[in-house]
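**Student:** One predicted model, sequence on top.
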Amino acid sequence: MAKNVLMPQMGYDMDAGTLLRWLKSPGDEVERGEPIAEIETDKVNIEIEAFDSGVLAKTLIGEGDTVPVGEIIAIIGDPGEEIEDVPEAETVSSNGAETTEEAEVQPAEAPPTGQAEDEEAESATQPKPRDEPQPSIMETPSGDRIRASPLVRRLAEEHSIDLAQVDGSGPHGRIVKRDIQPYVDGEIEVPTRRVEEQAPAEAPAEEERVVSEAPAQPTARPSAEPQELSRIRQTIGRRMQQSFRDAPHIFITMSIDMGKAMDLRRQINAELDEPESEITVNDLVIKAAAIALRKYPVMNSAFVDEKREIHDRIDVNFAVAIEDGLISPFIADTDHKTLGEIARATKDMAKRAREGGLKPEEYAGGTFTISNLGMFGVDHFTAVINPPQAAILAVGAAKMTPVWNADAEDFEPRFMMQVTLAADHRVTDGAESARFLQHLKGLLENPMRMIAG
Amino acid sequence: MASTLADLKSLEEDQLQRIDEDGIREITYRQALQEALTEEMTRDDNVLLMGEDIGAYGGSYVVTRGFQEEWGRERVIDTPISELGMVGVATGAAMAGVRPVMELMTINFALLAIDQIVNHAAKISYMFGGQFNAPLVVRTASGWGQLSATHSQTFEGWFAHIPGLRVVMPSTPLDAKGFLKSAIRGQDPVLFIEHSLIYRNRGPVPEEEYTLPLEGSEVRREGKDVTLISWSRGAILALGAAEELEEEHGISCEVIDMRVLRPLDTETVIESVKKTNRAVVVEESWRTMGLGAEIAARIQEDAFDWLDAPVGRVGALEVPMPYARNLERLVIPGKDEVIEAVRQALA
Amino acid sequence: MATSATSDVGLLEQMDTDQLLDFYRQMYLIRRFEERAAEQYAYGKIGGFLHLYIGEEAVAVGAIAAMTERDHLFTHYRDHGYALAIGADPGEAMAELFGKETGTTKGRGGSMHMVHPERNFWGGYAIVGGHIPLATGAGLAIKHKKEDAVSVAIFGDGSTNSGAFHESANMASLWKLPVVFLCENNLYGMGTAVEYASAVPEMSTKAKGHGIETETVDGQDVLAMYDAMQRAIKYCKDGNGPFFLEAMTYRFRGHSMADPESYRDRQEIDHYRERDPISIFKDQLLGAEKASNDDFEQIDNEVEETVEQAVQFADESDFPDPATIYDWIYYSEGEVGKEPPRG
C-alpha cells in the first residue's frame, strides 16, 4: 500500500525545508529508517529517513525546491504497485495547534506547528463600532488637554463638571480631588460646558479661555501682531487674576533699619572663602520671616475651601524673575535652616530657575512668599498674594536715608528698607499683620537674635 | 552576616518573655521562629532542619541554637556549603515524604540555588500534572549592616515572580510563627524570608498553638489620606513614618503589610486606595523591575479611576550596596524618604 | 568501548524464559515507540524537542528490572525508555508527546518530563544534572524513614561536569545515603565528545574522588546491566552508602530531531550500530536456546500493534481543556485555593 513521504518537521522551530538531494531514485528499494533525502532547514542540513519499507515510487519535488513542512514530497509503494496521481494535498495536522481548513489548504501560510488561532484575540483586533465622536469633557473649548487625576476625571464625568473651569492646585496645575470637591458637594454651582462664560467662579485650568464679551475697540493700532501669551504668562495671569479678584488684600508697610544686619552680613561674608555661601540681604529677610512665621502661624496658612489651613512646615518661597515671567521656588523647612544653608539654596535655585533647571517639587508648594525688587532700586511696592497662601512680603532696597533721632534731636544716616506685607483679609486682619511685621523688624534690627535662634 | 558579639549577648536578654498590658506575652521574632520549629518538630518526626552551620554554630542568626543538642544530628543536619545541592536534596526529600526546612544563610546565597528553587521545586506540581509535590520550606534572611555589595540584597521580588512558589516575608513575631508552621505543614514549596534587622523585635504571640494561612495582606494602621504599602521591615518603617506624619503634619496614613508576596493579594490594597485615592509603595529593594512596580501597576489597573495622584514609590538607590556607613544609609530608604514621598503624593 | 563487566552466562541460564523474553519485549517496545515518535514528529504531531533513546535501551531495561516498587527513580530528559521500562502505558506516553490530556502529565510536561508515580518514577528532568540532588534527597528521606529502598539517579556523562553532580555526590557519600548514581556514558554531551568536556576519560573517576564505590558496565548488554544494577542496589541497601555505576553506551540517533550530527561521522555510528543491544540480546537468547525466531516475531508483532494503538490513542485523545490551565500551580488547592490567574 502506498505511503506518502512528507517534508518532515525536524526541530520545533522549522516550518519549511529545502530538498538538497535525493539519496534514492524512483524504483529504488528503501528500508524503514534508511535515509532517502537530504534537506536543508534554516538551521541545518539533515538526512531524512523512510518511515516505511518498500520501493520509492515517485518523487514529487525536485532538488532545490522549498516546501512547507507536511507537504508530500515522495511516495513509497510496494514493489510493482501502481501509483496513481498524488492524492489531494494531504498534510499533517498539528500537535495541539489549529486544525482549521485554512491550514490544511495553505500550509505555507499557516505552518502546522503554529499556535492556535485565538478567536478572541482575532475578534479583539476587529474594529469595533464606535459611538459618534463627542467632545470630551476632558478638553478645553479650544481642544487642549486638561491635567486632572483619574479620580477627578471620573467625578467630573459622574457630576457633569466641566474641568476647563476648575483650577488645579496639584503639581503642574493638576486638578485633584480637593479642587473638585466643592462642586461635587454642591457647595459651588457646577460649571458645565454650556454655562454662560462670564464671571465663572473659577478660572480655567491651564489654557486661555474664549471670552464671550465683545472686545473693546482699539484706540491705537498695535505695533505688531497680537502675541500669543507664553504658557507661563498664562499661568501667572490666571493665578494672579484669581488671587487679586478673590482675596481681599490688606497692604501694610514698615520701615526697617538694616544697619546691624548689613554689618553682620559683611562680617560673615568676610570670613567666607567660597562665594556660593555669601549672604544677601534677601537671605536675611528670608531667615527673619521664617522665624516670625513660627510666632505668627496664621501668616503661614492657606485659604482653601472657605477654610484656613495652618501649615506645620514653614517653606518660604522667593520670587525669581525669569524670561517672560517669574517663578517662586521654596526653601523646605526654612525655619530649620541656617543662614548659610539658606544662602546656598537661594543662589543655587535662582541660578537653576533662570536656566530652566528647577524640578517641579522645588517650586510646586511653599507656604509664604517673599518678593524682593531692591536690586532694581525700588523703594517700595506691593505684591499680589500667591494663592492659596495667606500673605506675601514685598521688599524694597536698603538705602542710606536720613532718619530723625529724637534723642540727638538730629537726622542720622541709616540703611533703611521698606517692606510691604500683603495679607488675605479672609485669613487675618491688619493688627495681626502689623504685629508680624513688628516682630520681623525686631529680628532684622537685632540680627544676633536670628543667629542665636 | 555572621552574628555579632553584641547580638549574642543580647540573646540572653531576648529570651526573657514580657507580658504586655493586655496580658498577652510578647516574644521576639527569633523566639517566634524557634517556637514554630520546635512545635513542628515535636508534632512530626519527618520534619528535618537542614542548612549551613545550623547545628553546633546555632545558625548564622542563631535561630536554631541548641536545636542539634535537643534533636540530634539526624534531624538537625549541618550541610556542606553546597546551596544548589542542598536545596535540591531538600526538594527530593520532600518529594519522597519528609518535611525539610532548609536554612539558606542569607537570600544572597539563594542565587546559587536558584535553579533548584525555580526550575525544580517550583515546577514539580504543575509540570507533572499535579500528581505529586515538593513541600519544602526554604528559610532565609534579607537585610544589611555594612556587609557591602554581595551580602545586602533583597531578592524577594525575583522569587515572587515565579508561579508555583509561595513567598512570605513576615514583619511581626505573630506572623512569623503562624506562617512558618503553615509553611511546614503545607503542600507547596515555600520561600520564607526573614530580615536580619528585625530578629529582636518583640510582639504579642499567644501561648496557645495557632497557624496562619499563607495568604492575604493586612491593614496595620487605618487612615484616610494616603495608603502606604510595604512588607517585612519596610512595613515597620512605613508604620513609623505614618506615626510621624499624623503627629507632625496631620496626615492620616493607612498602612498595609503585604506579608505574602506570592500569591500576591492586592484586593486589600485596591480597597484602601479607593478610600484614600493616593498610594505610596515602600520597599527596600531597587525599584526598577521590582515588586513595588508590580503593586503600583496593579493599582493603576484596578483603581485607576480612584487615583488622585500618581502612585509614589520609595526604594533603594540603584547602586550595588557600598560599605561605608554613611553611603549605606543613603542607599536604604528611611523614614524621611517615606515622609517626603507621602508629602509629594499629597501635593 | 571499555567494559569491566560482561554478561554472566550463569545469569542467562538461571533466569526464566518469560523474564528474558520480557527484557526483549521491553527493549523492542522502546525501539519501536521511539521510531514511531520520530515519524509522528516529522508529521508535526509532536512539537518541541524530541530526544530519542534508540541504542541505549539495554540500560533502562536492565537497570529498572533490578529495582523494586519501593525504590525511587529520577532521570534526565531522554526519558521515554525509562517510562516504558518502569511500566508507564505506551498510549499515555505517546499521548504526552502529542500534548494530550491523556498523557502521563496531562500535556503539561511533554517529552522531557515523563513520569510514573505508581512506581516512584518522579520524572525526567530537563536541566542537565538538576535532578541528581533530587534523587539524593530521596535517598535522605529513605534513610530518615529507615526504609528498605534505594534512590536511583540516571544521568549522562555530560552532567558529571556539573556542580549539581559533585555537590550531590559529596553529600550522599558524607551521609552514606542509599543512592545509585547511574551514569549513561554515551560519549557525547549533546554534540561535544567526552574528551572535549571532561578532564578524565572515565566518569567514575569523579565519583571515586568523593569516596564512592564504582563499577563500569557494558550498557549494550542488558543482562550485564541487570546484574551490575542488582549489585549496586544491594550495596546501597546494605548500608554502605551510595554507589556509582557507569554504563558504556551509544546513542544511535542525533541528540534531538534537529541534530545534523556534524560532530561524528557515519563510520563511527555504523561501528556502534554493530553493538545494537537488541541484536546482541537476541543472539544471546538464540545461542542459549532460550528463545526462537518465532518467539521474537510474535513479540515484534505484538509490540507493533501496541505502538500502533498508542499512536491512535494519542491521536484520538483530546487536547487539555484550556479551563484547566491554572490547575496544579499549587498542589494544595484545597488548602488555600487556586492561584489567581495573575499570581
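**Tutor:** Alright, I've got the coordinates.

**Student:** ends of stretch C:200-216, how far apart?
**Tutor:** End-to-end distance of stretch C:200-216 (CA to CA, to the nearest Å): 14 Å.

**Student:** List the buried residues for that stretch?
**Tutor:** Judged by neighbour count using 16 or more other CB atoms under 10 Å in any protein chain shown, the buried positions of stretch C:200-216 are C:Glu202, C:Met203, C:Ser204, C:Lys206, C:Ala207, C:His210, C:Ile212, C:Glu213, C:Thr214, C:Glu215, C:Thr216. Just so you know, the C-beta spots here come from the backbone N, C-alpha and C atoms, and that holds for glycine as well.

**Student:** next one: stretch C:149-164
**Tutor:** C:149-164.

**Student:** Could you report the neighbour count for A:Glu63?
**Tutor:** A:Glu63 has 12 neighbouring residues, counting by other CB atoms under 10 Å in any protein chain shown.

**Student:** For it, which residues are in contact?
**Tutor:** By CB atoms under 8 Å, 6 or more residues apart in numbering or on different chains, the contact set of A:Glu63 is A:Leu19, A:Leu20, A:Arg21, A:Trp22.

**Student:** In strands only, show me these.
**Tutor:** The members of the contacts of A:Glu63 that map onto strands under DSSP state E are A:Leu19, A:Leu20, A:Arg21, A:Trp22.

**Student:** what's the nearest residue to the last one if we skip its chain neighbours?
**Tutor:** Nearest residue to A:Trp22 in three dimensions, chain neighbours excluded: A:Ala37, at 5.2 Å (CB to CB, 6 or more residues apart in numbering or on different chains).

**Student:** who's in contact with the most far-flung residue of chain A relative to its centre?
**Tutor:** Centroid-distance maximum for chain A: A:Gly80 at 80.5 Å, with CA atoms, centre = their mean. Listed by CB under 8 Å, 6+ apart, the contact partners of A:Gly80 are A:Val55.

**Student:** Now the stretch 101-250 of chain B against chain A: closest residue?
**Tutor:** B:His249 (5.2 Å; CB to the nearest CB).

**Student:** Look at that residue and say how many residues are nearby.
**Tutor:** 16.

**Student:** confidence score at C:His255?
**Tutor:** Reported pLDDT at C:His255 in the predicted model: 85.

**Student:** Quote the end-to-end distance of stretch C:147-158.
**Tutor:** Per CA to CA, stretch C:147-158 runs 31 Å from first to last residue.

**Student:** Can that stretch be said to contact chain B?
**Tutor:** Yes. Using CB under 8 Å from any CB of the partner chain, we find that stretch C:147-158 touches chain B at C:Ser151.

**Student:** Look up the closest residue to residue 312, ignoring the ones flanking it.
**Tutor:** Defaulting to chain A. Of all residues not flanking A:Asp312 in the chain, B:His249 sits nearest, at 5.2 Å (CB to CB, 6+ apart).

**Student:** looking at chain B here, not the other one
**Tutor:** Closest to B:Gly312 by CB to CB, 6+ apart is B:Val280, at 3.7 Å.

**Student:** mind listing what that neighbour touches?
**Tutor:** Per CB under 8 Å, 6+ apart, neighbours of B:Val280: B:Val226, B:Thr227, B:Leu228, B:Ile229, B:Val311, B:Gly312, B:Arg313, B:Val314, B:Val338, B:Ala341, B:Val342, B:Ala345.

**Student:** Neighbours of C:Glu13, how many?
**Tutor:** So C:Glu13, with other CB under 10 Å, has 9 neighbours.

**Student:** A:Lys260 now?
**Tutor:** 14.

**Student:** How about the contacts made by it?
**Tutor:** Residues counted as contacts of A:Lys260 (CB under 8 Å, 6+ apart) are A:Glu445, A:Asn446, A:Pro447.

**Student:** Which pLDDT value does the model give the second one?
**Tutor:** Looking back up the chat, that one is A:Asn446. If you check A:Asn446, the pLDDT there is 91.

**Student:** out of the ones in strands among the contacts of A:Glu63, which are buried?
**Tutor:** A:Leu19, A:Trp22.

**Student:** what are the ranges of the helices in the chain?
**Tutor:** All of this is about chain A. Secondary structure of chain A (DSSP state H): helices located at A:101-105, A:119-125, A:150-159, A:177-184, A:231-246, A:259-271, A:281-295, A:339-355, A:360-363, A:430-445, A:448-452.

**Student:** ah, no, chain C please
**Tutor:** Taking DSSP H as the criterion, chain C carries its helices at C:9-14, C:17-42, C:57-65, C:80-86, C:90-97, C:132-144, C:163-174, C:194-197, C:204-208, C:222-235, C:266-273, C:277-287, C:293-316, C:333-336.

**Student:** chain center to the second one, what's the gap?
**Tutor:** Its chain's C-alpha centre and that of helix C:17-42 lie 13 Å apart, by CA atoms, centre = their mean, to the nearest Å.
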